[in-house]
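1. With the input below, show me the fold.
(4 chains)
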Protein chains: 2
Amino acid sequence: MSNSNPSPLTPMLRKMELWAAFSDSDREALLAMPHTLKTIKEGHYIVRDGDKPTHSCVMLTGFTYRHKIVGAGARQIVSIHRAGDMVDLQNSLLGTADHNVQALTRAEVAFIPREAVKEIAFARPAIGFAMWYDTLVDGSIFREWVANVGRRDARTRMAHLLCEFALRLEAAGLSEQTHYELPMTQEQLADCTGLTPVHVNRMLKELDKGGFIQRDKRAVTIADWRRLAEIGDFQRGYLHLGGDQSAALQ
Amino acid sequence: MSNSNPSPLTPMLRKMELWAAFSDSDREALLAMPHTLKTIKEGHYIVRDGDKPTHSCVMLTGFTYRHKIVGAGARQIVSIHRAGDMVDLQNSLLGTADHNVQALTRAEVAFIPREAVKEIAFARPAIGFAMWYDTLVDGSIFREWVANVGRRDARTRMAHLLCEFALRLEAAGLSEQTHYELPMTQEQLADCTGLTPVHVNRMLKELDKGGFIQRDKRAVTIADWRRLAEIGDFQRGYLHLGGDQSAALQ
DNA sequence: AGAACGTGTTGATCTCGGTTAAGGTGCAGC
DNA sequence: GCTGCACCTTAACCGAGATCAACACGTTCT
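-> Predicted structure coming up:
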């Protein structure tokens, strides 16, 4: 338990202020929310399908991902999360978790009691709206993923995913626009795109050979954003990052 | 414009009360929301990708669906909606529509100004929570669709979709548990599942021959729920319909 | 009545991505 | 500095589902 100043919850505030105008007292109240800090090791679970979590989890550092396991044993990753994201609003408010949340890298997180989340959301409309907005953006990204996995070919899917990561990481101040460290194995990329690891490898190689990206271990450099976005059928609108939808990075 | 009693907005109230306990004054306030009634013809659009809608749309009768068109021209349907659903919360609150909403059948809808939605959501926590919960359930269904389309084979996908429809229609009081009218063409089913119409036809035929379902034009009878759910890798939890997750129909 | 159209059905063939299998590479632990 | 392991890479082959092509059937329009 801790809520000294500067609060560890700052990444959450930073993200929410992208979408809503907070007063000073909103900011103070948000940062003063009761919480427990915890470090999650790479690969460890934060929530398992079927759990009944009582706390929401805010990410402070690192990356996590949500996934589902289907009957045949295959895994589908449905989203990736980074600092500032509330990865467990869904599970804690809905009561029973319908998917798993797992640490992609070592991650520092804060657990906030679900009642405290509900309270602040309705006591302070600006904060409530930011949270609601956040779940709506989440939904928008899910819709794009349904389309990506359902109706795009392998090459397009991979390019699309690389573009999405570039923009989201950049928006979080975690990378430059055209160069980032991707902390995922090709198997995990396969589980994001509904492909096999072998085919992910083929597609990455192809994008590399074509000169659209360069790879160095797991770091990705986007050599030709415009054409990669074209190949990936990528339009940033669905990320609702605000600003000009047709700005520099398209 | 109309808000006489009984209000046409009743289907929305009915759905929200599945999830939240309303006071009489909550009910009155919800049904008294300002709205404009409209009838949408089959196939007509309610919102187009890129629009900046100022109203949210509540469905009173009929069916609508959301979809995205990818670069190659293919369509991916991302959800189906029925009476009570607020089909345009996302687009109106997020500002710019990131997908299309189209009438599957002739549909009666009510348009509510987005400001009125925001106001009531924060003035009345029970209503705000129900709306938020609704967007969270929406997200849960999207996650399941990502997994369905990404990691299940054609036969499983079709069976899963048929199970989902059965439960959702039944929950809305629009059908019996094991028999319902599916107002969709096989081409639309294909766009839900990421398959081709030809293959949807083959899978339906196969499920029919196997004795799991019976078809009469577009009406579906589930002859063997247990085995269809098994084939479809279907577990109802993600629908968050409440009640016993392991009840009769699971 | 007949034409035109949308939808469903079925078969033949093709292809994208899956499967299988075999190295290769780099890092952690002893 | 060797071993083991996780991950990446590449090649050969295979198969689920796509594509292409007919035809059937019912409805609406003329």
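
2. Which of the residues in stretch A:161-177 are classified as buried?
-> For stretch A:161-177, burial by neighbour count (16 or more other CB atoms under 10 Å in any protein chain shown) applies to A:161-172, A:175. The way it works is simple: take the backbone N, C-alpha and C, and place the C-beta from them, glycine included.

3. Can you lay out those residues as JSON lines showing distance to DNA strand C, secondary structure and pLDDT?
-> Converted to JSON lines, the buried residues of stretch A:161-177 look like this (distance: CB to the nearest atom of the strand, whole Å; DSSP: H, G, I helix; E, B strand; the rest coil; pLDDT from 0 to 100):
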{"residue": "A:161", "distance to DNA strand C": "14", "secondary structure": "helix", "pLDDT": "97"}
{"residue": "A:162", "distance to DNA strand C": "16", "secondary structure": "helix", "pLDDT": "96"}
{"residue": "A:163", "distance to DNA strand C": "17", "secondary structure": "helix", "pLDDT": "96"}
{"residue": "A:164", "distance to DNA strand C": "18", "secondary structure": "helix", "pLDDT": "96"}
{"residue": "A:165", "distance to DNA strand C": "20", "secondary structure": "helix", "pLDDT": "94"}
{"residue": "A:166", "distance to DNA strand C": "22", "secondary structure": "helix", "pLDDT": "94"}
{"residue": "A:167", "distance to DNA strand C": "23", "secondary structure": "helix", "pLDDT": "93"}
{"residue": "A:168", "distance to DNA strand C": "24", "secondary structure": "helix", "pLDDT": "91"}
{"residue": "A:169", "distance to DNA strand C": "22", "secondary structure": "helix", "pLDDT": "90"}
{"residue": "A:170", "distance to DNA strand C": "26", "secondary structure": "helix", "pLDDT": "89"}
{"residue": "A:171", "distance to DNA strand C": "29", "secondary structure": "helix", "pLDDT": "86"}
{"residue": "A:172", "distance to DNA strand C": "26", "secondary structure": "coil", "pLDDT": "81"}
{"residue": "A:175", "distance to DNA strand C": "21", "secondary structure": "coil", "pLDDT": "79"}
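
4. Which elements pack onto the helix or strand bottoming out on mean pLDDT in chain A?
-> In chain A, no helix or strand scores lower on mean pLDDT, DSSP states H and E than helix A:89-94, which sits at a mean of 84. Judged by 3 or more CB pairs under 8 Å, 6 or more residues apart in numbering or on different chains; DSSP states H and E, the packing partners of helix A:89-94 are strand A:55-61, helix A:114-123, helix A:125-151, helix B:125-151.

5. next SSE after it?
-> strand A:100-103 (DSSP states H and E).

6. And that next one, how far out from the chain middle?
-> In terms of CA atoms, centre = their mean, to the nearest Å, the gap separating the centre of strand A:100-103 from the centre of its chain is 12 Å.

7. So what's the gap between the strand or helix carrying residue A:12 and the chain middle?
-> Here residue A:12, judged by DSSP H and E, is contained in helix A:10-16. In terms of CA atoms, centre = their mean, the centre of helix A:10-16 is set 14 Å apart from its chain centre.

8. so does that helix get close to chain B?
-> No - on the criterion CB under 8 Å from any CB of the partner chain, helix A:10-16 is out of touch with chain B, staying 14.9 Å away.

9. ok, now stretch A:65-82?
-> Yes - Stretch A:65-82 lies within reach of chain B by CB under 8 Å from any CB, at A:66, A:68, A:70-72, A:74-76, A:78-79.

10. so, in contact with DNA strand D or not, that stretch?
-> No - Stretch A:65-82 does not reach DNA strand D (CB under 7 Å from any atom of the strand); its nearest approach is 10.7 Å.

11. Same check on stretch A:89-104?
-> No - using CB under 7 Å from any atom of the strand, stretch A:89-104 stays clear of DNA strand D, coming no nearer than 10.6 Å.

12. First-to-last residue distance for that stretch?
-> 19 Å (CA to CA, to the nearest Å).

13. next one: stretch A:78-94
-> So stretch A:78-94: terminal residues 18 Å apart, CA to CA.
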